[in-house]
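> curious how this folds, go ahead:
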Amino acid sequence: MINSYAGSDDAEVAIAGARAGAHVVRTMYGQQLNRIDKGAGDFATAADVEAEKAILGIIRAARPDDAVLGEEGGQQGATGAVRQWLVDPLCGTLNYAVGNMLVAVNVALRDGAAAVADPFSGEVFFTDGESAWVRQDGAHDALLAPSSGTRLVDANLDPPFPNAPGFRAADLLAQPEFVERFRPRVVSTTLALAWVAAGKRAAYVTDGGDLSRSVHFAAGIAVCRAAGCVVTGIDGDPIGESGRGLVVAADNDTHRLLMSMMRSRR
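You can find the predicted model right below:
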């Protein structure tokens, strides 16, 4: 089955990898899994490790000359490789470990195709680098259509907070202007990024450094950009330039409102 992807385009490789990882995550769900301590309160489980192995099996068979940066395995492949895949096999490990199904599997070719799989809904949100779709077994691929209609804004409240006290996502959610226009949600996984692209969220906000090459965020960012979302740092600058967190909004008006609220707190 793996070798059948050798002639596929990059989007299909990303989808296949994400689905392979999602299958492992779904199969191992509910098991008693030992925690692998990574320091600073972070950890992985056997599901993270096994899902990454499954994803790497797809990529190595289809693109043997490409390098891979994995959340669990680190840098693999030729150091000077032109192409690099960014893999987060289980985003939302803490959710998963306590029996919460809000998790994602992220596979992205740097500056190219990407896929975000929801292991439990069966949805795969993906892009070829130009357009973005959602795929589900038994249904035709559907173009993603961002919308602010839900008024739901997902915020990542997990540490670290490198831009505090100047910026705190929790402060944004408490502002009267925010409460008047939006409703907060905390999914605690980058699945929420794909949901912005799909119209299930109006926006997503997180603190952080330069997230443009992060294994956690690369796939979601790629899908959102291809879907037509507004993607910037918390300064409003293009990510990769400001190096400060991430704001993804369904449209310009939503982005403008959020940025005005965030700037008013500084």
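
> low-confidence regions, the stretch 101-250 of the chain specifically.
Within the stretch 101-250 of the chain, the segments meeting pLDDT under 70 span 242-243.

> ok, now which ones touch the most far-flung residue of the chain relative to its centre?
Relative to the C-alpha centroid of the chain, counting by C-alpha atoms, centre = their mean, P176 is the outermost residue, at 28.8 Å. By C-beta atoms under 8 Å, 6 or more residues apart in numbering, P176 lies in contact with nothing. The C-beta positions use only the backbone N, C-alpha and C, and glycine is treated the same way.

> phi first, then psi, for it.
Taking degrees, to the nearest 10, you get phi -60, psi -40 for the backbone angles of P176.

> what of L33?
phi -110, psi 130.

> any idea how far the residue farthest from the centre of the chain is from M261?
For P176, the distance to M261 (C-beta to C-beta, to the nearest Å) stands at 10 Å.

> please apply the same query to I15.
From I15 to M261 the distance is 36 Å (C-beta to C-beta).

> those two: which is more packed in?
Counted by other C-beta atoms under 10 Å, I15 and M261 do not tie: I15 has more neighbours, with 26 against 18.

> was I right about R181 contacting L257?
Yes - look at R181 against L257 with C-beta atoms under 8 Å: they come within range, at 6.4 Å.

> these two: which is more packed in?
More crowded of R181 and L257, by other C-beta under 10 Å: L257, with 19 against 16.

> any idea of the pLDDT on that one?
For L257, the pLDDT comes out at 96.

> how near is it to P238?
To P238, L257 is 19 Å away according to C-beta to C-beta.

> could you do A170 as well?
Distance from A170 to P238, by C-beta to C-beta: 25 Å.

> how far is the biggest strand by length in the chain from where the chain is centred?
Assignment by DSSP state E gives strand 84-91 as the longest strand of the chain. Centre-to-centre, strand 84-91 and its host chain are 9 Å apart (C-alpha atoms, centre = their mean, to the nearest Å).

> quick one, strands of the stretch 151-266 of the chain?
For the stretch 151-266 of the chain, the strands defined by DSSP state E, counting those that start in this stretch cover 152-155, 183-185, 203-206, 230-232, 246-249.
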